[in-house]
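**Student:** A predicted structure for the sequence below; I have some questions about it.
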Amino acid sequence: MAVYENPLSDDSGFFLQKRQKMGKTTGLEGYYTIKNNKKMRFGYTTGSCAAAAAKGAAAMLLENRQVRKVQLMTPKGILLELDILHAEQGEGWASCAVKKDGGDDPDVTNGLEIFVKAEKKELPGIVLEGGKGVGRVTKKGLEQPVGSPAINKIPRKMILKEAEEICSRTGYKGGLLLTVSVPGGEKVGARTFNPRLGIQGGISILGTSGIVEPMSETALIKSIEIEMRQKVENGAEYLLITPGNYGSAYLKEHMDLPFEESMKCSNYIGETLDMALDMGVKGILFVSHIGKFVKVAGGIMNTHSRSGDSRAELLAANAIRAGISLEGAREILDTITTDEALAVIQREDLLEPVMGELTKRILYYMNHRTYDRMLLGAVIFSNEYGYLGQTEHTEKLIRLLQKQYKKPSV
């Protein structure tokens, strides 16, 4: 849950002076979210950095003055006051940077400096371009067309709005070229999802609210949606999905499927199914450790432990259906890990029938979530026992995926 303590989001001189007297420097002091009983401070996006840098560069160029700080009203309604770094001016141009601060969110772009160079042009209008360290879109399905710099829609609007306001304030009628660049962006971009999405050469300039809320589930689900849409737009009718690293490793080592074409959905099984249905996906094959997907057999569609566990209870219930002894069922209920529970089931030589019961219910609940409008399957494994079982239609999905990825790239 986000907590907002900061009342100083008014763009008036009174509040600015009060914030300065209090030692406030960005406008985010007092904004935080609570995670595991710990306060985690907000940050601001690369989009906010670029918009603030564009405002600073345009002001230096058109007002012929030095700029040390700029105020930026974010789409979230929080007023930022950001330091301007590396301010430079020349004949017909000005350049400056703003340093990214993601707050307490684990973000690889944290600390990067986002530069904007503003240049006067004869033709009217403002042109936004990406320079070194800003990725280029190379595949369909993203917000921007192929060949464009990876500057998303909301940051584009923010950047252009700030520059337009400076032009209006100064009465400037000529054109501007704004070039966003990120020193070190190529290296950092290679460590993100960008290469998988078809963004090459740098980071993306992102942000829908202008503000980074630490470990935002909304942001993570949005990233899953972006990757899925990119695959669909590039011709994928069937998807290969793992919840996380265990599933990815198993897929790579044990299955004759294109590991590099898989995507991760984390704990968000339900949201993943919903998005796929909305995009017209024809089928999904999940490859998952039993510790995650045993929960789906109980209709639990967010597999994070805080949303629901019941692993032991679900394994015990399905073991009873397969004929396990009462003592065995009780023992399963006292286990902590799924591998412990599997050891009990294996001891009674019931692993195959129990997995048969479990996979039936996994498929039932996935079909229920999608109204039986998609071909769905799941391969279940454990690190200790390896392959455990699969749902009906899995072999068909494997064949369809193999056929899909043998075709030429769309």
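**Tutor:** Right, received. Where do you want to start? Residues are numbered from 1 along each chain as shown.
**Student:** residues contacting the nearest residue to Ile332 once chain neighbours are set aside?
**Tutor:** Excluding its sequence neighbours, the residue lying closest to Ile332 (Cβ to Cβ, 6 or more residues apart in numbering) is Ala316, at 4.3 Å. C-beta here means a position set from N, CA and C on the backbone, and glycine is covered the same way. Residues in contact with Ala316 (Cβ atoms under 8 Å, 6 or more residues apart in numbering) are Ile324, Ala329, Arg330, Ile332, Leu333, Ala341.
**Student:** cool, Gly135 as well?
**Tutor:** By Cβ under 8 Å, 6+ apart, the neighbours of Gly135 are Pro149, Ala150, Gly185, Gly189, Asn194, Ile199, Gln200, Gly201, Gly202, Ile203, Ser204.
**Student:** and Gly386, by the same measure?
**Tutor:** His254.
**Student:** hey, which helix or strand in this structure has the poorest pLDDT?
**Tutor:** Sorted by mean pLDDT, DSSP states H and E, the helices and strands of the chain end with helix 13-21, the least confident at a mean of 42.
**Student:** show me what the following helix or strand past that one packs onto, helices and strands only.
**Tutor:** Using DSSP states H and E, the helix or strand that follows helix 13-21 towards the C-terminus is strand 31-35. Here strand 31-35 touches strand 2-4, strand 38-41, going by 3 or more Cβ pairs under 8 Å, 6 or more residues apart in numbering; DSSP states H and E.
**Student:** so what pLDDT did the residue nearest to Ile332 get?
**Tutor:** Predicted confidence (pLDDT) for Ala316: 98.
**Student:** that one - that's part of a strand, no?
**Tutor:** No: assigned with DSSP: H, G, I helix; E, B strand; the rest coil, Ala316 falls outside any strand and is helix.
**Student:** contacting residues for Ala150?
**Tutor:** 130, 134-137, 142, 144, 194, 199, 202-205.
**Student:** and which of the residues you listed is nearest Ala163?
**Tutor:** Ile205 (14.5 Å; Cβ to Cβ).
**Student:** burial count for the closest one?
**Tutor:** In terms of burial, Ile205 registers 30 neighbours under the definition other Cβ atoms under 10 Å.
**Student:** got it, and Glu384?
**Tutor:** Counted with other Cβ under 10 Å, Glu384 comes out at 12.
**Student:** tell me the contacts of it?
**Tutor:** So Glu384 contacts Asp339, Leu342 (Cβ under 8 Å, 6+ apart).
**Student:** so it, which of the three states?
**Tutor:** Under three-state DSSP, Glu384 comes out as coil.
**Student:** shaky segments in this protein?
**Tutor:** Residue ranges of the chain with pLDDT under 70: 1-24, 36, 215-216, 407-410.
**Student:** and the helices in it?
**Tutor:** 13-21, 46-63, 153-170, 185-189, 194-197, 217-233, 245-254, 269-278, 290-293, 311-321, 326-333, 338-347, 351-369, 394-404 (DSSP state H).
**Student:** spatially central residue in this protein, please.
**Tutor:** Ser223 (2.9 Å; Cα atoms, centre = their mean).
**Student:** now for the closest residue in space to that residue that isn't next to it in sequence, how many residues are close by?
**Tutor:** The shortest distance from Ser223 to any non-neighbouring residue, by Cβ to Cβ, 6+ apart, is to Phe193 (6.6 Å). Other residues lying near Phe193 total 16 when counted by other Cβ under 10 Å.
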